[in-house]
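Colleague: Pasting a predicted model and its sequence here:
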Amino acid sequence: MEQKTFQLNDIVEMKKQHPCGTNRWKIIRLGADIRIKCMGCSHSVMLPRKEFVRKMKKVIEHAES
């Protein structure tokens with residue numbers, strides 16, 4: 001299976017859409033838990049890393065180094 005790679009400030013697409021109507025999220029914290037912020041309504045959610053990897057579909061934009 002393909003290893004998903006992501007880093008801080010990447011924009012990712014999740015499998016399920018947020019109730020506000022978008023499924024684009026920005027990664028704002030990395031660690032054992034990952035915090036993501038909705039690009040539509042700015043709501044933030046913290047998920048365990050394992051759950052985040054399972055629910056993430058793909059990286060839309062990589063953060064500029």
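Modeller: Sure thing, it's come through. Only a predicted model underlies this, so the values are computations on that prediction, with no experimental measurement involved. Numbering: from 1, shown residues only.
Colleague: sec struct for residue 52, please.
Modeller: On the three-state scheme (DSSP: H, G, I helix; E, B strand; the rest coil), residue 52 is labelled helix.
Colleague: what sits against residue 43?
Modeller: 18, 20, 37 (Cβ atoms under 8 Å, 6 or more residues apart in numbering). No exception for glycine: its C-beta is placed from N, CA and C like everyone else's.
Colleague: Just give me the closest of the residues you listed to residue 7.
Modeller: residue 37 (15.0 Å; Cβ to Cβ).
Colleague: secondary structure element for the closest one?
Modeller: Take DSSP states H and E as the rule and residue 37 turns out to sit in strand 33-38.
Colleague: Take the contacts of residue 43 and write them to JSON lines, including pLDDT, neighbour count and distance to residue 58.
Modeller: Output for the contacts of residue 43, formatted as JSON lines (pLDDT from 0 to 100; neighbours: other Cβ atoms under 10 Å; distance: Cβ to Cβ, whole Å):
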{"residue": "18", "pLDDT": "90", "neighbour count": "17", "distance to residue 58": "16"}
{"residue": "20", "pLDDT": "92", "neighbour count": "12", "distance to residue 58": "20"}
{"residue": "37", "pLDDT": "97", "neighbour count": "16", "distance to residue 58": "18"}
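Colleague: hang on, the earlier thing: need the residues that contact the helix or strand just after the strand holding residue 37.
Modeller: Next helix or strand after strand 33-38 toward the C-terminus (DSSP H and E): strand 44-48. Residues outside strand 44-48 that contact it (Cβ under 8 Å, 6+ apart) are 28, 29, 32, 33, 34, 35, 36, 37, 38, 55.
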